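J.: sequence unknown, structure follows:
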């Protein structure tokens, strides 16, 4: 049991129902029995083609606001919306509380528009919590982590690049949301792991926990960075994009239930045996 769990064995447990919104059956559901609605449905990982604009609007904006409206009418006290770091439209840099969102994709735009609509619905009896997580990873995840994991399992070498990325392990995100619910919080939130992630270290660690040998190649970081500037995928992997740490503090309430090493172990479905630290 880690230190976090030792200190929080008796924390409040949430009872959860899962409701699909792929059809209209949710409209007949009574939301009055729920203290909070967590809305996570949305269109993601789609290329921003012109014919996708209406789909993004229908699912990420209209559906979100319709569900929130019903929750408010039914007397639910809190609505939590899973937005995204993508609302900022940034490829590199440091995001602070003063950074103005300027989305550069249909996905980021639709998430921001939904946020704006939700904030207009808030009042003293209906609290809106908007969560803008960075890249989320965990067992069964999709996206860039899967690609990195595949590289780690087959490549004997990987470039050593000292970048920083804000990321969050799924269990840490779930605990963050649990705290929002139990404390009935509202506002904008930016959860992330306690430490920034270096892509090279992550790939190396994935290989280690899978029992693979991988060598980090030094001296080619400038070459990698040069290609990173021109390649969207490489930029997402090797670029620097972080939330300022102070943004992610939740009133001194800890929510990172797993450290980085354990999060990789669990994502790769590895038991607790094996390496115990980065350098072993």
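T.: Now that the structure is in, tell me what you want to look at. Small disclaimer: the values here were computed from a predicted structure and weren't measured.
J.: and the strands in the stretch 51-200 of the chain, which stretches?
T.: 78-82, 93-95, 127-131, 135-137, 157-159, 167-169, 187-189 (DSSP state E, counting those that start in this stretch).
J.: any idea which of the ones you listed is most buried?
T.: Of all the strands of the stretch 51-200 of the chain, strand 167-169 carries the top mean neighbour count, a mean of 25, counting by mean count of other CB atoms under 10 Å. C-beta: built from backbone N, CA, C; applies to glycine.
J.: please, where are all the helices along this structure?
T.: 3-7, 53-56, 64-73, 106-121, 144-154, 170-182, 199-209, 221-228, 232-238, 260-267 (DSSP state H).
J.: and the angle from the third one to strand 127-131?
T.: If you take axes from the mean of the first three to the mean of the last three CA atoms, to 10 degrees, helix 64-73 sits at 150 degrees to strand 127-131.
J.: how far off centre is helix 64-73?
T.: Relative to its chain's centre, helix 64-73 lies at 23 Å (CA atoms, centre = their mean, to the nearest Å).
J.: do the same with the last one
T.: Taking the mean C-alpha point of helix 260-267 and that of its whole chain, the gap between them comes to 15 Å (CA atoms, centre = their mean).
J.: for the longest one, same thing?
T.: The gap between the average C-alpha position of helix 106-121 and the chain average comes to 17 Å, counting by CA atoms, centre = their mean.
J.: that helix to helix 64-73, inter-axis angle?
T.: Going by the same axes, to 10 degrees, helix 106-121 makes 20 degrees with helix 64-73.
J.: switch the strands of the stretch 51-200 of the chain over to TSV; also include distance to residue 114 and mean pLDDT.
T.: TSV is the format used below for the strands of the stretch 51-200 of the chain (distance: least, CB to CB, whole Å; pLDDT from 0 to 100):
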stretch	distance to residue 114	mean pLDDT
strand 78-82	7	98
strand 93-95	19	97
strand 127-131	9	98
strand 135-137	18	95
strand 157-159	38	84
strand 167-169	20	97
strand 187-189	13	98
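J.: shaky segments in the stretch 101-250 of the chain?
T.: Scanning the stretch 101-250 of the chain for pLDDT under 70 picks out 219-234.
J.: the closest residue to residue 97 other than its chain neighbours and residue 191: what is the separation?
T.: Counting by CB to CB, 6 or more residues apart in numbering, residue 97 lies nearest to residue 247, which is 5.8 Å off, once chain neighbours are set aside. To residue 191, residue 247 is 9 Å away according to CB to CB, to the nearest Å.
J.: ok, the two, which is more surrounded?
T.: The neighbour comparison of residue 247 against residue 191 (other CB atoms under 10 Å) goes to residue 191, with 25 against 18.
J.: that one against residue 169, yeah?
T.: No. Residue 191 is beyond contact range of residue 169, at 10.2 Å (criterion: CB atoms under 8 Å).
J.: hmm, residue 107 is touching residue 84, no?
T.: Yes. If you go by CB under 8 Å, residue 107 and residue 84 touch, sitting 7.1 Å apart.
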